[in-house]
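1. Provide a 3D model corresponding to the input given below.
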Amino acid sequence: MYGQERIVLYGSIKGDGAIENIHILNKNSTKGTISDKFGRFQLAVMPTDTLVVSGIQFYYQEIVITEDHITNKTIPIDLLQRINELDEITLKTNPLSGFLQLDLAKAKDSISKVNKGALNFSGLDLGKPYVGPIDANDRARPPDPFGGNNGVPGFAAGGDILGLVGLILGPVFESVGKIGETKRNNKRYNRLREKQLLTVPDQLLEKHLNYIVKDLHIPANQLYPFIAHCKTKGILPLFLDNRQIEVLDILYKESEIFLKNLQKNKD
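-> Coordinates of the predicted model:
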């Protein structure tokens, strides 16, 4: 009777992407369910049943239920994320109301304010102090206590305060700008690397498929679970950095562990 009855199995899904609404189907009973926001699910199973686990952002996986699963009443599933996203773009715009005439009126009003004498420093070079012509009034003024000499007016003699501030703070602004640019470059690099890492499983299998299947004897239906197993050893960034000797070493060492676990589950 035990062999003919199904019991409720409690599963937990792990993965780099969203683990909610992952589909789990029992191919033998044709019953299925989906995971909750924590990756948890329940499904009735019996030994030798096959679970099909699928999600838009993960590689498809099949798992055969063993006596250990039945005894423990639990099954952990580690899914491997696959690339399935569009390139990111950034749109910058002024807030719009959605009414064309109103938005056009606001745009014209903004332009008219600038044209009517609103402050506009777009043509001002804050990195250089302004030295203007000297007239009789300038000569008649007292000496500049802030350092004007050679007939060049300083603060007290009517010099360009904004220009002097720019001369003093210019290097500071430049340094701050460089720091901001470095942070933006680092963010762009990290986003690009994360996207590249998503393509590594396919590239790794394409490059080392014969070695993995023929030499390491990994079953064809266990290729992606095997790569997911090796992922915890840092194999994906190593492959991306073209450190192939270390990649092959991980594949060799982890294949023995992976095959032993497969055999244990079958037994």
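2. and the strand or helix carrying residue 255, what's buried?
-> Assigned by DSSP states H and E, residue 255 belongs to helix 244-266. Going by neighbour count (16 or more other C-beta atoms under 10 Å), the buried part of helix 244-266 is 247, 250-251, 254-255, 258-259, 262. To be clear about C-beta, it is placed using only N, CA and C from the backbone, and glycine gets the same treatment.
3. how about residues contacting that helix?
-> Here helix 244-266 makes contact (C-beta atoms under 8 Å, 6 or more residues apart in numbering) with 64, 66, 68-69, 204, 208, 211-212, 216-219, 222, 225-226, 229-230, 233-235, 238-239.
4. mark which of these are buried, thanks.
-> Counted by 16+ other C-beta under 10 Å, these give 66, 69, 204, 208, 212, 216, 218, 222, 225-226, 229-230, 235, 238-239 as buried.
5. just those residues: which are in helices?
-> 69, 204, 208, 225-226, 229-230, 235, 238-239 (DSSP state H).
6. okay, these in a markdown table with distance to residue 43 and pLDDT next?
-> Formatted as a markdown table, those follow (distance: C-beta to C-beta, whole Å; pLDDT from 0 to 100):
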| residue | distance to residue 43 | pLDDT |
| --- | --- | --- |
| 69 | 11 | 91 |
| 204 | 31 | 91 |
| 208 | 34 | 92 |
| 225 | 19 | 90 |
| 226 | 24 | 91 |
| 229 | 23 | 89 |
| 230 | 27 | 91 |
| 235 | 31 | 92 |
| 238 | 36 | 92 |
| 239 | 34 | 92 |
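7. okay, residue 5 and residue 196: tell me how far apart.
-> 48 Å (C-beta to C-beta, to the nearest Å).
8. what about those two, which has more around it?
-> Neighbours were counted for residue 5 and for residue 196 using other C-beta atoms under 10 Å; residue 196 has more, 14 against 8.
9. residue contacts, the residue nearest to that one when sequence neighbours are not counted?
-> In space, and not counting its chain neighbours, residue 196 is closest to residue 240: 5.9 Å by C-beta to C-beta, 6 or more residues apart in numbering. Neighbouring residues of residue 240 by C-beta under 8 Å, 6+ apart: 193, 196-197, 200.
10. one more pass at 10 Å, please.
-> In this structure, residue 240 makes contact with 193, 196-197, 199-200, 203-204, 247, judged by C-beta atoms under 10 Å, 6 or more residues apart in numbering.
11. adding distance to residue 46, write those out as CSV.
-> Output for the contacts of residue 240, formatted as CSV (distance: C-beta to C-beta, whole Å):
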residue, distance to residue 46
193, 44
196, 42
197, 38
199, 38
200, 37
203, 38
204, 35
247, 39
